[in-house]
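Participant: test case, fold it:
(2 chains)
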Amino acid sequence: MNVRTRFAPSPTGYMHVGGLRTALYAYLYARHEKGTFILRIEDTDQEREVPGALEKIYESLREAGLSYDEGPDAGGDFGPYIQSRRQAAYLPHALELIEKGAAYPCFCTKERLEKAREAAEKKGETFKYDKHCLGIPKDEAKRRIDAGEPYVIRQNMPVTGKASFDDVLYGHVEVDCATLDDTVLIKADGMPTYNFANVIDDHLMRVSHVMRGTEYLSSAPKYNLLYDAFGWEKPCYVHLAPVMADAHRKLSKRHGDPTFEDLLNEGYLSEAIVNYIALLGWSPGNDQEFFTLAELEAAFQLKGLSKSPAIFDKDKLTWMNSEYIRNLPFDRYLALAMPWFGQAGVLAADTRRLAELTQGRTEVFGRIPDMVDFLAAMPDFDPELYSNKKMKTDPAAAKHALALVRPVLAAVDDWREAPLHDALMAAIANSGMKNGQVLWPLRIAISGRLATPGGAIEIAYLLGKAETLRRVDAAAAKL
RNA sequence: GCCUCCGUGGUCUAGAGGCCUAGGACACCGCCCUCUCAAGGCGGCAACACGGGUUCGAAUCCCGUCGGAGGUGCCA
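Facilitator: The predicted model follows:
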């Protein structure tokens, strides 16, 4: 079978992590099977138009490396790929269903429906449309439609029997038709609902595998009823369990959860994000955790998909991101780090050397400023930072250490790490103190930080001689 | 409420009747290394939701319970 999958987002203005993962899986499956990956925009809700949303989708997919073979900006033989521009395809199909008795026009007002809904709710029942308009004679319906009366087109669900579908992951899912509501297919504004458009378009676009969230699990039987009414071949269904923020909530921008773009802006690498979310609900069946996109394409199989929801664990993403950063070619790391160095105001320092020191310690690029900004401006610090029992130092010991080190530093003319190291070590050995007893206070004195990317010698080098001496003097004066 | 689906450590998961004394990873804790912090090395804590079956044998199959999620929109 020629595999054709599609990612069908509605243009909301951002790419959620869950959506990206759905796109990833659809992409991976298509690539693994040497099939076709399609991008289709589901914008049939005209009340939810977001300017610039289309571009955001294109951009996110490009960022993630998910290239599509067909789509609004990619062309293809089954376009247009934007549902609002496929208007002409829907109504005729709906009329065909009416002919076949599988659908019917409905003139009920929203008010009447609202009342019925409330009444049902009061009785503790599930609301079901009462097929009130099913009995309207065809000619009367035609007259009312021609007269301009607003109407929708509803799917005419069987009253008895079973409806079902087969899911690659969930198996055979069956429901009583009696529990099915007469879903609106065409809205009063003439636009199709998702429930109709997805069936028409998946068929017209020859989609072989429908991969989408489990929120459609319970409506899938209705879609099959539609396929049957048309006499169309049904696609393979692959419903994907959601990505959760915690055990009770889906990941959502509304609740402040990061979108793909947010993560990128925070300084996560798109490769790391893609790698991480690939494993959020899918397993290769072995212990491999690091995958390039190409490796994912080769390894991806539907059987590795998980049926239960997965909680997004940012800590693990961060860990994976730090691994990716650590493995970046140095120059690439440097280029990516520069803007953050700039933000921290440390461009005057030897940024190349700085980057060597930070690369192995950068978990997320956005955390660089906090890591290095002490180089730009000496922070105020609590003298208690000098106290470290393992280093056997405290403020009093620090005073001695700084006194020892000050003339040594002043005497170093060749301000590079090696000469600094040799001079300092010689002086320490001479004094009979331990390395830590001297170097710890020095580092604190010139950085004001408990933890720094590099030891006293590296920091001193980065600061330069004048600034280092200035900081040593200022620190000593406070002791 | 009703319908559907799901249920292995805190988290992501491996596991398709004996290979399980339940494996890997993140997180956490400890030790080593070390001029700090990381990284690295070594070690540790920690799970088959519960109850019944089936079977010589069950995390794996069946039933029930409980827990969670989704649906119940002229949203997708």
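
Participant: does any part of the helix or strand hosting A:Ala294 sit near RNA strand B?
Facilitator: In the assignment (DSSP states H and E), A:Ala294 maps to helix A:293-299. No. Judged by Cβ under 7 Å from any atom of the strand, helix A:293-299 and RNA strand B are separated, with a smallest distance of 12.4 Å. Placement of C-beta: from N, CA and C, glycine included.

Participant: could you identify the helix or strand that succeeds that helix?
Facilitator: Next element after helix A:293-299 (DSSP H and E): strand A:310-311.

Participant: show me what that next one is packed against.
Facilitator: Applying 3 or more Cβ pairs under 8 Å, 6 or more residues apart in numbering; DSSP states H and E, we find strand A:310-311 packed against strand A:243-244.

Participant: show me the helices in the stretch 351-479 of chain A, by range?
Facilitator: Along the stretch 351-479 of chain A, the stretches classed as helices by DSSP state H, counting those that start in this stretch are A:351-359, A:368-372, A:395-411, A:417-431, A:435-447, A:456-463, A:465-477.

Participant: could you dump those helices into a markdown table with mean pLDDT and mean neighbour count added?
Facilitator: Output for those, formatted as a markdown table (pLDDT from 0 to 100; neighbours: other Cβ atoms under 10 Å):
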| stretch | mean pLDDT | mean neighbour count |
| --- | --- | --- |
| helix A:351-359 | 97 | 18 |
| helix A:368-372 | 97 | 20 |
| helix A:395-411 | 94 | 18 |
| helix A:417-431 | 94 | 15 |
| helix A:435-447 | 95 | 24 |
| helix A:456-463 | 97 | 23 |
| helix A:465-477 | 96 | 16 |
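
Participant: distance to A:Leu240 added to these, as JSON lines?
Facilitator: Converted to JSON lines, the helices of the stretch 351-479 of chain A look like this (distance: least, Cβ to Cβ, whole Å):
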{"stretch": "helix A:351-359", "distance to A:Leu240": "36"}
{"stretch": "helix A:368-372", "distance to A:Leu240": "35"}
{"stretch": "helix A:395-411", "distance to A:Leu240": "58"}
{"stretch": "helix A:417-431", "distance to A:Leu240": "52"}
{"stretch": "helix A:435-447", "distance to A:Leu240": "48"}
{"stretch": "helix A:456-463", "distance to A:Leu240": "48"}
{"stretch": "helix A:465-477", "distance to A:Leu240": "55"}
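
Participant: tell me which of these lies nearest to A:Gly213.
Facilitator: Among the helices of the stretch 351-479 of chain A, the nearest to A:Gly213 by Cβ to Cβ is helix A:368-372 (35.7 Å).

Participant: what's the closest non-adjacent residue to A:Val175?
Facilitator: Leaving aside its chain neighbours, A:Val175 sits nearest to A:Pro221 (5.2 Å; criterion: Cβ to Cβ, 6 or more residues apart in numbering).

Participant: burial check on that neighbour, number of neighbours?
Facilitator: Using other Cβ atoms under 10 Å, A:Pro221 has 20 neighbouring residues.

Participant: so it sits in a helix?
Facilitator: Yes. Membership of A:Pro221 in a helix is supported by DSSP: H, G, I helix; E, B strand; the rest coil.

Participant: quick check: it vs A:Asp228, distance?
Facilitator: 11 Å (Cβ to Cβ, to the nearest Å).

Participant: the closest residue to RNA strand B within the stretch 101-250 of chain A: what's it in contact with?
Facilitator: Closest contact between the stretch 101-250 of chain A and RNA strand B, by Cβ to the nearest atom of the strand, is at A:Thr126 (2.7 Å). By Cβ atoms under 8 Å, 6 or more residues apart in numbering, A:Thr126 lies in contact with A:Ala120, A:Thr179, A:Asp181.

Participant: ok, which of those residues also contact RNA strand B?
Facilitator: Answer for the contacts of A:Thr126 near RNA strand B (Cβ under 7 Å from any atom of the strand): A:Thr179, A:Asp181.

Participant: in helices only, show me the contacts of A:Thr126.
Facilitator: Under the assignment DSSP state H, these contribute A:Ala120 to helices.

Participant: wait, A:Lys478 touches A:Asp382, no?
Facilitator: No. A:Lys478 is not in contact with A:Asp382 according to Cβ atoms under 8 Å; the separation is 10.7 Å.
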